[in-house]
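J.: Compute the structure for the input listed below.
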Amino acid sequence: MLRQRGFLMRVPSQRVAHRHSAPTVQPDRADGRRRPLPGAAVDRDDWVTRAFVAYAGLLACYHRHHVAHLGRLGAVLRKRRRVVVVGNHALDIADPLMFIAAVLERYGRVPRIIGHENGWFRVPIMRAIAARYGIIPSRQPEQAAAALARDGFLMLYPGSNTEALMRSYRDEPYRLKWENRFGFLRLALAGNAEIVFVAAVGSEEMYYQSRLRTPASLLRVANAGDADRYRGARLTFGVLGPHVLPGLFPFPVRVTHVVSSPLVLRDRARALRDPEALRALHRTVWEQCQAFLDAAIARRERYTNVTDRTIRAGERLLQRLGL
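T.: Model (predicted):
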């Protein structure tokens, strides 16, 4: 089971963590050779990377972002264990970008990302970013398995847009929509990898989800011309109006990422060969992650502030008014 006690211990700020973090390569105990930690290497001198890191830093200040128990992930990486990081998903790139930047700052490595087939690979600007950073299409399990075997560090959101776009945040706040989403579990089992869950607290309040339907024209832009798949999705609003472009002018709620210990995956071999065993293990993993997320949300008052409380109270008022 996931360990719950004391899980909100705050890690040092990114600048301090960088000074005192372990190097990105560690000596191999068998022969003294140095090997890199799992994950993809990033050229920090590349201008696009510098722009992303700078933007993530601005977002981190804006959202007073911090990561609780990042060392739990680091312990897995230092053991050279393959790891699949999963989390809850809201419709924006800001919260995963801040988390990845924190991982890069502390460990000098980043996970390979599995992205939505249409949003990342058919929309022009997103397609260029996906090609530059080796984002893996969500419907290409062979590519994901090869990346896990080679790099040892993946990050994905099993709920995808069912969870991020089609879910009603007011009726199902912070609910994981993982029904029949077995791919991440098969990937971890086949690759002999750990699964680590990261709870994103505050991500759902970054934009206000209204009861208005998103115009078909916006859905076509976001989903590479296909407006039917997500018909009925609710329109969200940020500081300056409708949420059209990712990561621009969200509400300044506080965002915290809480990292779990590796999940216990019993009977791995049986789950790989027996569909019923896989389904049972998936249910267990899903329930463990939901329980961890619920605990993180229940404890959010310990690290909130006046701005965060005011924004969330305002959003709850709008919900009660039926807007």
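
J.: Please tell me how far the longest strand seen in the chain is from the chain's geometric centre.
T.: Criterion DSSP state E: the longest strand present in the chain is strand 194-201. Relative to the centre of its chain, strand 194-201 is centred 8 Å away, using CA atoms, centre = their mean, to the nearest Å.

J.: cool, stretch 293-302 as well?
T.: 17 Å.

J.: Which strands or helices does the helix or strand harbouring residue 257 pack on?
T.: Secondary structure from DSSP states H and E places residue 257 in strand 256-259. Under the contact criterion of 3 or more CB pairs under 8 Å, 6 or more residues apart in numbering; DSSP states H and E, strand 256-259 touches strand 66-68, helix 70-78, helix 94-107, strand 194-201, helix 275-298. In this view, the C-beta of every residue, glycine as well, is placed from N, C-alpha and C.

J.: 10 Å instead?
T.: Contacts defined by 3 or more CB pairs under 10 Å, 6 or more residues apart in numbering; DSSP states H and E place strand 256-259 against strand 66-68, helix 70-78, strand 83-87, helix 94-107, strand 194-201, helix 275-298.

J.: any idea of the mean pLDDT for the shortest one?
T.: So the one you mean is strand 66-68. Taken as a whole, strand 66-68 has a mean pLDDT of 94.

J.: would you list the helices and strands packed on strand 256-259 in a markdown table and tack on distance to residue 231 and mean neighbour count?
T.: What follows is these, written out as a markdown table (distance: least, CB to CB, whole Å; neighbours: other CB atoms under 10 Å):
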| stretch | distance to residue 231 | mean neighbour count |
| --- | --- | --- |
| strand 66-68 | 36 | 23 |
| helix 70-78 | 37 | 20 |
| strand 83-87 | 26 | 25 |
| helix 94-107 | 25 | 23 |
| strand 194-201 | 26 | 24 |
| helix 275-298 | 27 | 17 |
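
J.: Can you say which of those is nearest to residue 156?
T.: strand 83-87 (6.1 Å; CB to CB).

J.: Could you check the angle the closest one makes with helix 275-298?
T.: 60 degrees (axes from the mean of the first three to the mean of the last three CA atoms, to 10 degrees).

J.: between strand 83-87 and helix 70-78, how big is the angle?
T.: Using the same axes, to 10 degrees, strand 83-87 lies at 150 degrees relative to helix 70-78.

J.: can you start the count at 425 instead of 1 from here on
T.: Done: numbering now begins at 425, and the last item shifts to strand 507-511.
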